[in-house]
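Undergrad: Sharing a model that was predicted from the sequence below.
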Amino acid sequence: MDPTERIYSALVRRNREVEAEQPAQVRENVAYNGLRLVSASALQSSGDQAVNASTVLPWLFHALGVPAALVGLLVPIRESGSMLPQALLTPLILRARYRKWVFVCGAAVQSLAVAVMAATAALGHGLTAGVVIVVALAVFSLGRCLCSVSSKDVQGRTVPGGQRGQINGLATTAAGVVAITLGLGIRLFGGQDLAAGQLAWVLGGGAVLWVGVALIYATVRETADEDASSGPSGDEPARWNEWFLQTWRLLREDRSFRHFVSVRGLLLVSALSPPFVVTLATGSGTTGLAGLGGYVIASGVAAMVGGRIFGRLADRSSRRLMAFGAAAASAIILVLVLVVSLPGFTGETAWGSALFVLCYFLLTLTHTGVRVGRKTYVVDMAEGDRRTTYVAVSNSAMGLILLVVGGVSSLLALVGVVWALLFLALLGLLGVVAGGRLPEVSRG
């Protein structure tokens, strides 16, 4: 057994019978491709930590003097930008014989976008810098959309079933480790004065990581799609129109699915509130890169332990897990708002800073539970092609809902960050009520 086989077999539990059923070209390169996918996914997840829309970018906005209203747009743009274009881009991606090159293009786009953010962090200031970073984040999300759609095809062609989830799990673990390491590095070497120039180096490192992702992915030995068309297809507009018509019909006629999408929209409390917590912390007197390090570490720990805690709970009842996550996130926000409103409270004290980091950690942890719950629910509520349609339609619908909710919370942040948090907490409480009325689909 050569070193590649040994290393891959140590990382991934393999089913030789399933591998034997694969075509010869796939079977001979399982370990070679698997290690490259693990490496690329790990670097990709690590790059995400450097441009985290819930920690690094909100802190950077504070350092640059960007209005708080723009903070509320970071997560919606980051998430919706990678979901909304999927229906439009999929017909184009299907024309590529080798989907790995689509992924490489997406990685290159993300690297360039992060490089623009780094340059803006080093040279910009105020509203203009914030707008440039938001636009760059939108471009970054489009690159992520290309990677998201194409990576599933590449994995399906190069890695046998039963090993793909392990590869994703290794990448998630790596992201948690990198987040903790980055947070510790910020605390140890960042000093006490928060400077945008220092964060520019963090973003620059993220841009380099994305270059590494593209280079590694380019070496994957992928089988070609012989059915892919090299030229334009005349029926693509028709397919796009048909997809939008199908989306509208499904949301209008399928009551259970429409109910799920509505509940999912109300569960955004745990996804959209963390950036506002960071903004509230900086406004309460928490200063220095040491503070940011605490949030990055909290994010990494939540990523490492969240999946283990909530995976079994989702199998027992994904509906209850979603409702519990929304209730917990709303309660955390209400308690935080109450405490920071007390006379004499300041984030400059040790316990004040610890309160913000603890609340951020708990919100990130509950978001992991909500995410695991809703992914499990949509998988359990349908079978076959119906399930695929549910996933695609709900993602596109959520892209629009994210923009709307993010826009409203950003407007409220102009009045005060606390009002944006209260709005999201109210949404979460409504999600608890609506989620409790969802039909039970779990079999655990």
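TA: Structure's in. What do you need? These numbers come from a predicted model, not from an experiment.

Undergrad: rest of the way, CA atoms for contacts and neighbours
TA: OK.

Undergrad: which residues of the stretch 201-350 of the chain fall in helices?
TA: Taking DSSP state H, counting those that start in this stretch to define them, one finds helices in the stretch 201-350 of the chain at 236-253, 255-266, 269-283, 289-340, 350-380.

Undergrad: What angle do helix 269-283 and the fourth one make with each other?
TA: It refers to helix 289-340. Here helix 289-340 runs at an angle of 110 degrees relative to helix 269-283 (axes from the mean of the first three to the mean of the last three Cα atoms, to 10 degrees).

Undergrad: which helices and strands does helix 289-340 pack with?
TA: Applying 3 or more Cα pairs under 8 Å, 6 or more residues apart in numbering; DSSP states H and E, we find helix 289-340 packed against helix 56-64, helix 164-189, helix 269-283, helix 350-380, helix 417-436.

Undergrad: Measure how that helix sits relative to helix 350-380, angle-wise.
TA: 90 degrees.

Undergrad: Using the record's assignment, carve this protein into domains.
TA: 1-223, 239-444 (automatic domain parsing).

Undergrad: Any chance of the ones you listed in CSV with mean pLDDT and mean neighbour count as columns?
TA: Formatted as CSV, those follow (pLDDT from 0 to 100; neighbours: other Cα atoms under 10 Å):
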stretch, mean pLDDT, mean neighbour count
domain 1-223, 80, 20
domain 239-444, 80, 20
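
Undergrad: before we move on, back to that, any chance of the helices of the stretch 201-350 of the chain in CSV with distance to residue 397 as columns?
TA: Below are those laid out as CSV (distance: least, Cα to Cα, whole Å):
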stretch, distance to residue 397
helix 236-253, 9
helix 255-266, 8
helix 269-283, 16
helix 289-340, 18
helix 350-380, 14
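
Undergrad: Residue 51 is nearest to which of those helices?
TA: Residue 51 lies closest, by Cα to Cα, to one member of the helices of the stretch 201-350 of the chain: helix 289-340, at 11.0 Å.

Undergrad: now that closest one, how far from the centre of its chain.
TA: Taking Cα atoms, centre = their mean, to the nearest Å, one finds helix 289-340 lying 15 Å from the centre of the chain it belongs to.

Undergrad: likewise stretch 354-374?
TA: The answer for stretch 354-374 is 14 Å, by Cα atoms, centre = their mean.

Undergrad: which residues sit against that stretch?
TA: 264, 267, 270-271, 273-274, 277-278, 281, 294-295, 298-299, 302-303, 306-307, 310-311, 314, 318-319, 321-323, 325-326, 328-329, 332-333, 336, 347 (Cα atoms under 8 Å, 6 or more residues apart in numbering).

Undergrad: Stretch 245-253 now?
TA: Taking Cα under 8 Å, 6+ apart as the rule, stretch 245-253 contacts 257, 258, 393.

Undergrad: got those residues as TSV, with distance to residue 250 columns?
TA: Converted to TSV, the contacts of stretch 245-253 look like this (distance: Cα to Cα, whole Å):
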residue	distance to residue 250
257	8
258	8
393	8
